[in-house]
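Participant: coordinates only, sequence not included:
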């Protein structure tokens, strides 16, 4: 009767609403295109590179990403979406080439600016080394003492 039809319609409506929410959320995820997926960092993650990257991070990135790379810098409050938390599991899966592209060209759909006009390629790689070692737990280059322990 009518009661069964209403329950089925309500159930289908709930499913449709959930699918709509999922599609909206997926629309905010930037596809992994526009960069060279085979590009790997040519600069070894030595303590020198990491120290250079840390200095660059403090000057260029900490105001948004925070001193600890958690996405909680003083400018982060007014941003949507919030700056990346480099210690979060999902940020560790981005390949070197994608990180390089975002730093060099900015990231569409966010407040992440392009640094390609202010940083050299080597400086961007130093910055990536710092982010990966300091915040993501990637080991420093073999035979190099980690600046974390210093």
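Facilitator: All right, it came through fine. Note that the structure is predicted; figures quoted are calculated from it, not measured.
Participant: and residue 121, what does it touch?
Facilitator: 100, 104 (Cβ atoms under 8 Å, 6 or more residues apart in numbering). The C-beta positions use only the backbone N, C-alpha and C, and glycine is treated the same way.
Participant: is it true that residue 37 touches residue 95?
Facilitator: Yes - counting by Cβ atoms under 8 Å, residue 37 touches residue 95, with 6.1 Å between them.
Participant: when these two are compared, which one has more neighbours?
Facilitator: Neighbours were counted for residue 37 and for residue 95 using other Cβ atoms under 10 Å; residue 95 has more, 16 against 11.
Participant: give me the local confidence score for that one.
Facilitator: Note for residue 95: predicted pLDDT of 92.
Participant: residues contacting it?
Facilitator: When contacts are counted by Cβ under 8 Å, 6+ apart, residue 95 is found next to 35, 37, 39, 40.
Participant: out of those, give me the one that has the most neighbours.
Facilitator: In the contacts of residue 95, the most neighbours by other Cβ under 10 Å go to residue 35, 18 neighbours.
Participant: where in the protein is pLDDT low?
Facilitator: Residues of the chain meeting the criterion pLDDT under 70: 1-2, 23-33, 145-150.
Participant: now the helices for it?
Facilitator: Remark: helices assigned in the chain by DSSP state H are 2-27, 47-60, 62-65, 96-105, 121-130.
Participant: now distance to residue 88 too, for the ones you listed, in CSV please.
Facilitator: Below are the helices of the chain laid out as CSV (distance: least, Cβ to Cβ, whole Å):
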stretch, distance to residue 88
helix 2-27, 17
helix 47-60, 17
helix 62-65, 12
helix 96-105, 14
helix 121-130, 16
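Participant: point out the most buried one among those helices.
Facilitator: Across those, averaging neighbours per residue (mean count of other Cβ atoms under 10 Å) puts helix 121-130 on top, at a mean of 22.
Participant: run through who's touching stretch 104-117.
Facilitator: Taking Cβ under 8 Å, 6+ apart as the rule, stretch 104-117 contacts 28, 30, 34, 60, 64, 79, 81, 83, 102-103, 119, 121, 124.
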